[in-house]
Each structure stands twice: as structure tokens, then as C-alpha cells.
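In: Quick one: sequence plus predicted model below, questions after.
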Amino acid sequence: AQSVTQPDIHITVSEGASLELRCNYSYGATPYLFWYVQSPGQGLQLLLKYFSGDTLVQGIKGFEAEFKRSQSSFNLRKPSVHWSDAAEYFCAVLETGANNLFFGTGTRLTVIP
Amino acid sequence: EAGVVQSPRYKIIEKKQPVAFWCNPISGHNTLYWYLQNLGQGPELLIRYENEEAVDDSQLPKDRFSAERLKGVDSTLKIQPAELGDSAVYLCASSARAGNTIYFGEGSWLTVV
């Protein structure tokens, strides 16, 4: 069965520091993977996605993610965090047969000045 | 291009009262989803429509929840009667077709008191 694990519930980083949010997935076929961000009181905004091809994908707001099949991971990175990046981040895998997204439990990012 | 539009954004009701949420998907998107997001959790699918047809409603609590998508465009999700445990965010999303990227609305934030 498909599943997504985000091992870090809460991460705190200083503004300007680098960031890596972890995501591990379990899926039998080739996964379609996504990262979404949710600011307080808002819906989910798509940051980036991986369907196939280059395993390093670029997204909006300076984020990138790397797909590693051998590790079943799709970690999100940003070289320099801004205070506006404080939000909840969700990793998700698309079950293509059912056309449904399965989400992790999210990682809350706090940015300190 | 307009995104997924939801209303109301926020709703506070007393338990046992009915409530309805409305969603207008991105123009041309045939697939529409309703997701439930409990506090501190990732979203979970309630129902998925392909045009007018509800193709996956296995997670919809049918004793109190109902949904419709007349004419294959807008959709309404209803809860009657609401319970305290229904306090959550109800997210509508859409995609052009199966296997494509899923885009979310801002969510309808329900508080049942």
C-alpha cells in the first residue's frame, strides 16, 4: 500500500540558513511525487513535482527536491531560508490508478531571525 | 487563470446544524476532489468526481455527508447534522485529468461548537 512518511514534525532554522525537509514514500510503481506548502489559514500551494526524467527538480520560491529511488526519498531543499518560508510542508505521492494523492503528516517550519 | 475557488472560507456552526461548502474548479478541469484535513494532519480524500460521476466515495461518511457535482463543473459538499468532530478544513481540488497535477483551493475552515 502507498504511504508517505515525513519524519520531522517540526523544524526550526535561522533565516539565511539552509533547509532540508525529509520525505520517504512507499509505492509499488514509479511514483509521481509532490511537495505542497500551506501557510496559516491558507490552502495548499504546489511547490514542485516529479513525474519522470531529471531526478533533481526545481520549484517555486527557490525550492528544489531530489528523487532518490534507491532510498525511496524525495527530500525538499532550499539553500537560504527566508522568514516568509515559515509554513507547513506536505509531501505527497499520486496513486495513478486511483488518481488520488496520499499525503504525509507534514513538517512545520519555523524561521527565527 | 483563476484557481480553485471555495466558499465560505470560514464557518462556525452549532452541532446538529447543517452546513454546505461550495467549490468551483479550475476551468476545463474534469476531475474534482474533496479532501478533509484535520488539525495537524495531511489531507485525506473524501470523494473524487470525474465530470459528473462520483468515481471514488469510499471514504465519505454517507450517514451525514453528501456531495454533488451537477453539470460536471461546480460542486457542493454538505454535512447534516454536523458533529463536534467535523471541525476541520475541507479542501476542494481539481486536475485536468487523471494522472495530472492536482491544484487546491484555499479551503473552507469549519468549527462546530
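Out: Good, I have the coordinates. Numbers count the residues shown, from 1 in each chain, chains lettered A, B, ... in the order given.
In: Only C-alpha atoms from now on, for both contacts and neighbour counts.
Out: OK.
In: Tell me the strands beside the helix or strand bottoming out on mean pLDDT in chain B, with direction?
Out: With mean pLDDT, DSSP states H and E as the measure, the helix or strand of chain B carrying the lowest mean pLDDT is strand B:53-56 (a mean of 92). Taking DSSP bridges as the criterion, strand B:53-56 forms sheet pairs with strand B:44-50 (antiparallel).
In: Close to chain B: what parts of chain A are there?
Out: Proximity of chain A to chain B is assessed by C-alpha under 8 Å from any C-alpha of the partner chain, with A:42-46, A:90, A:94, A:96, A:99-106 identified as the residues in range.
In: what's the distance between residue B:31 and residue A:43?
Out: For residue B:31, the distance to residue A:43 equals 18 Å [C-alpha to C-alpha, to the nearest Å].
In: distance of the closest residue to residue B:5 other than its chain neighbours from chain A?
Out: With C-alpha to C-alpha, 6 or more residues apart in numbering or on different chains as the criterion, residue B:5 has its nearest non-adjacent residue at 5.1 Å, and that residue is residue B:24. Computed as C-alpha to the nearest C-alpha, to the nearest Å, the residue B:24 to chain A distance reads 14 Å.
In: Tell me how far the single nearest residue of chain B relative to chain A lies from residue A:53.
Out: Across chain B, the shortest distance to chain A (C-alpha to the nearest C-alpha) belongs to residue B:106, at 3.8 Å. In this structure, residue B:106 lies at 31 Å from residue A:53, with C-alpha to C-alpha as the measure.
In: And for the residue nearest to residue B:69 when sequence neighbours are not counted, the neighbour number?
Out: With C-alpha to C-alpha, 6+ apart as the criterion, residue B:69 has its nearest non-adjacent residue at 4.3 Å, and that residue is residue B:75. With neighbours defined by other C-alpha atoms under 10 Å in any protein chain shown, the count for residue B:75 comes to 22.
In: what sits against residue B:75?
Out: B:22, B:23, B:24, B:67, B:68, B:69 (C-alpha atoms under 8 Å, 6 or more residues apart in numbering or on different chains).
In: Quick check: residues of chain B near chain A?
Out: B:40-45, B:91, B:98-99, B:103-107.
In: just checking, what's the longest strand in chain A?
Out: The longest strand of chain A (DSSP state E) is strand A:87-95.
In: Tell me which residues are up against the helix or strand just after that one.
Out: Moving toward the C-terminus from strand A:87-95, the next helix or strand (DSSP states H and E) is strand A:100-103. Applying C-alpha under 8 Å, 6+ apart, the set of residues contacting strand A:100-103 from outside is A:2-4, A:90-95, B:42-45.
In: could I get strand A:100-103 in CSV with only the CA atoms?
Out: Below are the C-alpha coordinates for strand A:100-103, written out as CSV (Å, rounded to 0.1, in the frame of the first residue of the first chain):
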residue,chain,number,x,y,z
ASN,A,100,-5.6,10.2,-5.6
LEU,A,101,-2.9,12.0,-3.6
PHE,A,102,-1.6,10.4,-0.4
PHE,A,103,0.0,12.9,2.0
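In: Give the buried residues for that strand.
Out: A:100, A:101, A:102, A:103 (16 or more other C-alpha atoms under 10 Å in any protein chain shown).
In: just stretch B:61-73 next, same as before
Out: B:65, B:66, B:67, B:68, B:69, B:72, B:73.
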